[in-house]
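> no sequence on hand, only this structure:
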């Protein structure tokens with residue numbers, strides 16, 4: 001199994017229709033696998049709620065109203081297909097991916113016939129799982145984070161006029177600061193490495209001069225965050241993330 005979501009970098013970030021993070025409910029009773037799923041989902045900006053019991057999963061789904069399900073077949077409480085049936089009684093359209101060690105052709109057919117939208121067997125690669133989940137969520141109508149305006153919390157960027165405001169107050173930016181902020185706003189709640197930022201904003205590798213990212217992040221913080229609740233977060237050892245205050 002691998003954490004590397006490299007192919008996802010070419011896909012548009014997804015949000016719910018109200019701009020908040022996609023909610024994934026992961027039902028998996030093996031803690032190691034649950035963690036392998038949780039962290040990459042959070043890295044692409046989704047909210048990942050992990051539950052290890054079938055009955056608890058149904059209860060959590062009633063409150064959470066998830067946008068996508070990741071279900072193991074063999075669970076304590078009630079098994080995965082029954083979990084799916086009960087959740088679908090509450091949310092008929094929620095897409096689901098079965099992630100299980102039950103890899104016989106008859107198991108796959110049973111899972112798909114019971115309503116699962118996709119079926120992946122263990123061992124798996126995280127990249128494949130993330131790509132499949134991304135496509136499932138796209139089919140349900142979640143929109144790419146692109147329009148004439150980018151909105152993250154009270155921060156608004158007009159892509160036509162290049163005006164940026166926070167809580168209605170206009171924020172003047174240089175061309176490079178604008179490009180950097182645009183990239184952050186196009187990927188809200190997603191951890192972006194210095195290498196990704198260099199490639200997206202400067203279009204080439206600065207080699208040992210990756211500290212230019214730190215410099216421009218500091219410029220943005222002075223304009224976006226000073227005197228307000230911070231939105232630009234440093235994720236130690238990983239990069240930067242823009243989150244609503």
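In hand now; what should we look at? Only a predicted model underlies this, so the values are computations on that prediction, with no experimental measurement involved. Numbers count the residues shown, from 1 in each chain.

> helix or strand next in line after the lowest-mean-pLDDT helix or strand in the chain, which one?
Lowest mean confidence among the helices and strands of the chain (mean pLDDT, DSSP states H and E): strand 143-144, at a mean of 50. Downstream of strand 143-144, the next assigned helix or strand under DSSP states H and E is strand 149-152.

> now do the buried residues in the very next helix or strand once past that next one.
Next in sequence after strand 149-152, counting helices and strands by DSSP H and E, comes strand 155-158. By 16 or more other C-beta atoms under 10 Å, the buried positions in strand 155-158 come out as 155, 156, 157. Every C-beta, even on glycine, is put in place using the N, C-alpha and C of the backbone.

> how about stretch 72-90?
72-73, 75, 77-81, 83-84, 86-88.

> how about the residue at the greatest distance from the centre of the chain, secondary structure?
Here the chain reaches farthest from its C-alpha mean at residue 106, the gap being 32.1 Å by C-alpha atoms, centre = their mean. Here residue 106 is recorded as helix under DSSP: H, G, I helix; E, B strand; the rest coil.

> what's the spacing between it and residue 114?
12 Å (C-beta to C-beta, to the nearest Å).

> domain assignment for this protein?
Per the TED database, the structural domains of the chain span 7-140, 149-242.

> looking at the ones you listed, which is buried most?
domain 7-140 (a mean of 18; mean count of other C-beta atoms under 10 Å).

> related to what we said a few turns ago, mean pLDDT added to the domains of the chain, as CSV?
Shown next, in CSV, are the domains of the chain (pLDDT from 0 to 100):
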stretch, mean pLDDT
domain 7-140, 86
domain 149-242, 89
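
> what residues are up against residue 211?
The contact partners of residue 211, by C-beta atoms under 8 Å, 6 or more residues apart in numbering, come to none.

> which residues touch the helix or strand hosting residue 180?
Using DSSP H and E, residue 180 falls within helix 175-186. Contact with helix 175-186 is made by 13, 145-146, 150, 152, 155, 157, 159, 162, 164, 173, 192, 197, 200-201, 216-217, 219-220, 223-224, 232, 240-242, as judged by C-beta under 8 Å, 6+ apart.

> recalculate using a threshold of 7 Å.
13, 145-146, 150, 152, 155, 157, 162, 164, 173, 192, 197, 200-201, 216, 219-220, 242 (C-beta atoms under 7 Å, 6 or more residues apart in numbering).

> helix or strand right after it?
helix 194-197.

> this structure: strands as residue ranges?
Remark: strands assigned in the chain by DSSP state E are 14-15, 23-27, 47-51, 68-71, 96-100, 118-121, 143-144, 149-152, 155-158, 164-166, 169-170, 232-235, 239-242.

> distance to residue 179 added to these, as JSON lines?
Output for the strands of the chain, formatted as JSON lines (distance: least, C-beta to C-beta, whole Å):
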{"stretch": "strand 14-15", "distance to residue 179": "21"}
{"stretch": "strand 23-27", "distance to residue 179": "30"}
{"stretch": "strand 47-51", "distance to residue 179": "28"}
{"stretch": "strand 68-71", "distance to residue 179": "32"}
{"stretch": "strand 96-100", "distance to residue 179": "35"}
{"stretch": "strand 118-121", "distance to residue 179": "36"}
{"stretch": "strand 143-144", "distance to residue 179": "19"}
{"stretch": "strand 149-152", "distance to residue 179": "12"}
{"stretch": "strand 155-158", "distance to residue 179": "11"}
{"stretch": "strand 164-166", "distance to residue 179": "12"}
{"stretch": "strand 169-170", "distance to residue 179": "18"}
{"stretch": "strand 232-235", "distance to residue 179": "15"}
{"stretch": "strand 239-242", "distance to residue 179": "14"}
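
> nearest to residue 37, of these?
Proximity to residue 37 (C-beta to C-beta) singles out strand 23-27 among those, at 5.0 Å.
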